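In: next input, structure requested:
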Amino acid sequence: MPSAIAQVQREFRSQGLVVLAVSVRESPERVDAWAKKSALPFPALLDEHALAARTWRVTSTPTTFLIDRRGRVVGKAIGTKPWTTPAGRALLTALLAS
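Out: The predicted structure is shown next:
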């Protein structure tokens, strides 16, 4: 998961794409080790008690939320998705343009 998301984050960062990882029910030490091992180019946040996961109705991981510039959820993707394909890049380009 991190490699495709990391790739599009690097590619679209200058256009305003912000990526945040949220780890559910993991210790800070484990998340830190995973983030370092994965060389994440974006922040990894902690949801140790799954409060955010419940609020956002996350039922499995990875779950990706697409949030527009006004803070509105405009999409939700469960599981890994082909963000680096032409269709994935076109979706991100369209969302960042609006």
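
In: what residues of stretch 86-98 count as buried?
Out: If you call a residue buried by 16 or more other CB atoms under 10 Å, then stretch 86-98 has these buried ones: 89, 91-92, 95. C-beta here means a position set from N, CA and C on the backbone, and glycine is covered the same way.

In: among those residues, which ones are in helices?
Out: Counting by DSSP state H, the buried residues of stretch 86-98 place 89, 91-92, 95 in helices.

In: ok, which stretches of this protein are helices?
Out: Using DSSP H, helices in the chain cover 2-12, 28-38, 51-55, 86-97.

In: in a markdown table: those, plus mean pLDDT and distance to residue 70.
Out: Shown next, in a markdown table, are the helices of the chain (pLDDT from 0 to 100; distance: least, CB to CB, whole Å):
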| stretch | mean pLDDT | distance to residue 70 |
| --- | --- | --- |
| helix 2-12 | 87 | 18 |
| helix 28-38 | 92 | 29 |
| helix 51-55 | 95 | 19 |
| helix 86-97 | 93 | 12 |
